[in-house]
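J.: return a 3D structure for these sequence lines:
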Amino acid sequence: MNPAPGDSEGASPLRWLPGWRTLRSYELAWLRHDLTAGLVLTTMLVPVGIAYAEASGVGGIYGLYATIVPLLAYALFGPSRILVLGPDSALAALILAVVAPLSGGDPLRAIALASAMAIVSGVVCICAGLARLGFVTELLSKPIRYGYMNGIALTVIVSQMPKLFGFSVEGEGPHRQAWEFVQGLLSGKPNPTALVIGAGTLAAILVLQRLPRVPAVLLAVVGATVAAGVLDLATRAGISVLGAMPRGLPTPTLPIIGMDDIAPVLLGGLAVALVSFADTSVLSRVYAARMRTTPAPNQEMIGLGVANLAAGFFQGLPISSSASRTPVAEAAGARTQLTGVVGALAITALLLVAPNLLQDLPSAALAAVVIAAAIGLIEVADLRRIYRIQQWEFWLSMVCFAGVALFGAIPGIGIAVVIAVIEFLWDGWRPHSAVLGRVDSVEGYHDTSRYPQASRIPGLVMFRWDAPLFFANAELFRDRVRAAVASSPTPVRWVVVAAEPVTSVDVTAADIVAELDDSLLAEDIELCFAEMKDPVKDKLKRFGLFARLGAESFYPTLEEAVRAYLRSHPVDREEREGETPRPGQTEA
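T.: Numbering: from 1, shown residues only. Have a look, this model is predicted:
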């Protein structure tokens, strides 16, 4: 966790090391739980690490390298007590989209590209964390996240289906892979034995994972490996297996890539950073709530970034948090990140002592592991709810889904980000506004379009603007004020802007307000503001607009503005059309 205010370490370098703080307060009673949970977690870390690496276009051993080092790094720099990091199915399509076309089938070149992506992602996350940009992923709305994750899930499934059926395809991109897969089926390429192994493994995982505390992936993978080894299916049936893994641990290595690779690696690394932190942010908040600790999104970015850097410099691939492995750690009784450290050390022992233990693991079984994980990414139920309550957001999700499915993971993520920005700005570009009036028996002033019976004071236009005023909507603000003046049933003497919803004003908007004031004064109409927040007034003072309009043009409430208008422009009772100013507030 981040240092509490007033902590003696709050201003020291140790504030960047939440793991050190956890270690200093570690309770001996937790040790038994962390050791047990770490060993249980290892049984899942090994098969999924290998499977996700293979799905990413690199050798399975690199998935284990990308599990060991990041777990150790996150244990020191990560703020979450039990979050588990490692290769992830959500990133597989992003990595493969860069690695497959650039590596040319060279495994060493493939891991160099993947490691470079991890370094780019790590640098991006660390810089964002130091700049306190942990909020940025909140700009991706839930429908947009559903769209791109559903698209990524489909992309991953399509890429793994040929392996499940025991053959390979050369196409790049989901639609080409899907087409070549269909062609392979029609031309008799599937290996029946591989299909039985793959389909059986997939069915076993999907059935067993419904049972709590049952290591579904481990049981399914062990069963497939034992069957393939005992029956010698690699020789007799020609199925593809993992093969022997190199003995030993990864050494620090700087990935070397060509000049032509830099642009796609940078783009891929940025996409990985966005997706991995979006997932990590959500998951860390969930477990912070469960453990009654405070989320630390900026430190989370730093922890994730350091873990990716460690993976990149130790022959690993980009990593993220895991929504499947973290619950395993939790269910096994994990108390702290020592669980991940135990898991990393257990995998280290495996590579040093028994690296050939999984040499008979069928590729079809690995494909089944990845497909099962991708199925878990798919969201349908909540999208149905969104369709019922807000159809345009549902169709935004479908556009993001189609972008990923048709153009690939990285272009699809770009489409999702663009749509997110447009969605974020749309309400600001074209906000709601209203002309206000008094409604009998209802306090305050209300939108006359919703309350046609609302009475208005002759000569006074009360106009509410429900958004910040900035360059993109300033001209619309001016036009709507002019329209409100033109549509007034009586000649207008004052325009009072109900400015409580206006949270900010920029220079462009201030200049357009000044132009509006000039045009209104030319018609003997005075422009005033009511209920404007002090920080917004401070901006107007810096821009010179406050002095130009005069302090007397700003009123603390609409009621004060109405009373001021009536003092300077008396209106008899009949002209008021029943208007009786009284304390109240504007409609929310």
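J.: roughly how far apart are Ile386 and Ile378?
T.: Distance of Ile386 to Ile378, given as C-beta to C-beta, to the nearest Å: 15 Å. Glycine gets a C-beta too; all of them are placed from N, C-alpha and C.
J.: likewise for Ala75?
T.: If you measure Ala75 against Ile378 using C-beta to C-beta, the figure is 31 Å.
J.: helices along the stretch 301-450 of the chain, start to end?
T.: 325-331, 338-353, 363-377, 381-389, 391-407, 409-429 (DSSP state H, counting those that start in this stretch).
J.: can you tell me which of those helices is most buried?
T.: Ranked by mean neighbour count, those are led by helix 363-377 with a mean of 26 (mean count of other C-beta atoms under 10 Å).
J.: if we can go back for a sec, to Pro70, which of the helices of the stretch 301-450 of the chain lies closest?
T.: For Pro70, the closest of those is helix 338-353, at 8.5 Å, according to C-beta to C-beta.
J.: average pLDDT across that closest one?
T.: Here helix 338-353 scores 94 as its mean pLDDT.
J.: hmm, who's touching that helix?
T.: Residues outside helix 338-353 that contact it (C-beta atoms under 8 Å, 6 or more residues apart in numbering) are 26, 30-31, 34-35, 37-39, 41-42, 45-46, 49, 64, 67-69, 71-72, 74-75, 82, 84-85, 245-249, 329, 332, 357.
J.: could you redo the last one with a cut-off of 6 Å?
T.: The contact list for helix 338-353 (C-beta atoms under 6 Å, 6 or more residues apart in numbering) reads 34-35, 37-38, 41-42, 45, 64, 68, 71-72, 75, 84, 329.
J.: stretch 417-433 now?
T.: 139-140, 144, 396, 465-467, 472-473, 480.
J.: helices - which of those residues land there?
T.: Among the contacts of stretch 417-433, DSSP state H puts 144, 396, 480 in helices.
J.: re earlier: with Ala224 as the reference, name the closest of the helices of the stretch 301-450 of the chain.
T.: Nearest of the helices of the stretch 301-450 of the chain to Ala224, taken as C-beta to C-beta: helix 363-377 at 3.8 Å.
J.: using CSV, list the CA coordinates for the helix or strand bottoming out on mean pLDDT in the chain.
T.: Lowest by mean pLDDT, DSSP states H and E among the helices and strands of the chain is helix 409-429, with a mean of 77. Output of helix 409-429 as CSV, limited to C-alpha atoms (Å, rounded to 0.1, in the frame of the first residue of the first chain):
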residue,chain,number,x,y,z
ALA,A,409,-6.3,-6.6,-32.0
ILE,A,410,-4.1,-3.5,-32.3
PRO,A,411,-6.1,-1.6,-34.9
GLY,A,412,-9.2,-2.6,-32.9
ILE,A,413,-7.8,-1.2,-29.7
GLY,A,414,-7.1,2.0,-31.6
ILE,A,415,-10.7,2.1,-32.8
ALA,A,416,-11.9,1.6,-29.2
VAL,A,417,-9.7,4.4,-27.9
VAL,A,418,-11.0,6.8,-30.6
ILE,A,419,-14.6,5.9,-29.9
ALA,A,420,-13.9,6.3,-26.1
VAL,A,421,-12.5,9.8,-26.7
ILE,A,422,-15.5,10.8,-29.0
GLU,A,423,-17.9,9.4,-26.4
PHE,A,424,-16.2,11.3,-23.6
LEU,A,425,-16.3,14.6,-25.5
TRP,A,426,-19.7,14.2,-27.1
ASP,A,427,-21.7,15.4,-24.1
GLY,A,428,-19.3,18.3,-23.8
TRP,A,429,-19.6,19.2,-27.6
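J.: what's the angle from that helix to helix 391-407?
T.: If you take axes from the mean of the first three to the mean of the last three C-alpha atoms, to 10 degrees, helix 409-429 sits at 160 degrees to helix 391-407.
J.: picking up where we left off before, closest one of the contacts of stretch 417-433 to Tyr451?
T.: Proximity of the contacts of stretch 417-433 to Tyr451 (C-beta to C-beta) peaks at Asp466, which lies at 16.2 Å.
J.: pretty sure Gly229 sits against Asp360.
T.: Yes: contact criterion C-beta atoms under 6 Å: Gly229 and Asp360 qualify, at 3.6 Å.
J.: between the two, which one's more packed in?
T.: Neighbour count, other C-beta atoms under 10 Å: between Gly229 and Asp360, Asp360 has more, with 23 against 16.
J.: doesn't Val230 make contact with that one?
T.: No: counting by C-beta under 6 Å, Asp360 stays clear of Val230, with 8.6 Å between them.
J.: residues near Pro295, how many?
T.: Quick note: Pro295 (other C-beta under 10 Å) scores 19 neighbours.
J.: can you count the residues close to Gly151?
T.: 29.
J.: how about the contacts made by it?
T.: If you count contacts by C-beta under 6 Å, 6+ apart, Gly151 has them with 401, 404-405, 412.
J.: could I get the buried residue list for the host helix or strand of it?
T.: Taking DSSP states H and E as the definition, one finds Gly151 inside helix 142-164. Buried positions in helix 142-164, judged by neighbour count with 16 or more other C-beta atoms under 10 Å: 143-164.
J.: next SSE downstream of that helix?
T.: helix 174-186.
J.: other SSEs contacting the helix or strand that that next one is followed by?
T.: Later in the chain than helix 174-186, the nearest helix or strand by DSSP H and E is helix 192-208. Using 3 or more C-beta pairs under 6 Å, 6 or more residues apart in numbering; DSSP states H and E as the contact test, the elements touching helix 192-208 are helix 216-230, helix 363-377.
J.: check which helices and strands the first one sits against.
T.: When contacts are defined as 3+ C-beta pairs under 6 Å, 6+ apart, helix 216-230 packs onto helix 31-55, helix 192-208, helix 363-377.
J.: who has more neighbours, Ala75 and Ile378?
T.: More neighbours surround Ala75 than the other of Ala75 and Ile378, with 23 against 14 (other C-beta under 10 Å).
J.: list the contacts for the more buried one?
T.: Counting by C-beta under 6 Å, 6+ apart, Ala75 touches 19, 337, 340-341.
J.: the inter-axis angle of the least confident helix or strand of the chain versus helix 142-164?
T.: Interaxial angle of helix 409-429 relative to helix 142-164 (the same axes, to 10 degrees): 170 degrees.
J.: could you measure from Arg285 over to Phe181?
T.: Using C-beta to C-beta, Arg285 is found at 38 Å from Phe181.
J.: neighbour-wise, which of the two wins?
T.: Phe181 (22 against 15).
J.: my guess is the more buried one meets Pro162, correct?
T.: Yes: contact criterion C-beta under 6 Å: Phe181 and Pro162 qualify, at 5.3 Å.
J.: which neighbours do those two have in common?
T.: Shared contacts of Phe181 and Pro162, defined by C-beta under 6 Å, 6+ apart, comprise Val169.
J.: next up, the contacts around the nearest residue to Pro162 once chain neighbours are set aside.
T.: The shortest distance from Pro162 to any non-neighbouring residue, by C-beta to C-beta, 6 or more residues apart in numbering, is to Val169 (4.9 Å). By C-beta under 6 Å, 6+ apart, Val169 lies in contact with 162, 177, 180-181.
J.: so the closest residue to Ser159 other than its chain neighbours versus Ala97, what's the distance?
T.: Nearest residue to Ser159 in three dimensions, chain neighbours excluded: Gln177, at 5.8 Å (C-beta to C-beta, 6+ apart). Noted for Gln177: a distance of 11 Å to Ala97, by C-beta to C-beta.
J.: quick one: which of the two has more around it?
T.: Of the pair Gln177 and Ala97, Ala97 is the one with more neighbours under other C-beta under 10 Å, namely 28 against 21.
J.: ok, Ser121 - contacts?
T.: Residues in contact with Ser121 (C-beta under 6 Å, 6+ apart) are 269, 272-273, 308, 318.
J.: rerun that using 10 Å as the cut-off
T.: Neighbour list for Ser121: 91, 94, 268-277, 304-305, 307-309, 311-312, 318-320 [criterion: C-beta atoms under 10 Å, 6 or more residues apart in numbering].
J.: do Lys163 as well
T.: Contacts of Lys163 (C-beta under 10 Å, 6+ apart): 54-55, 169, 194, 198, 240, 362-368, 370-371.
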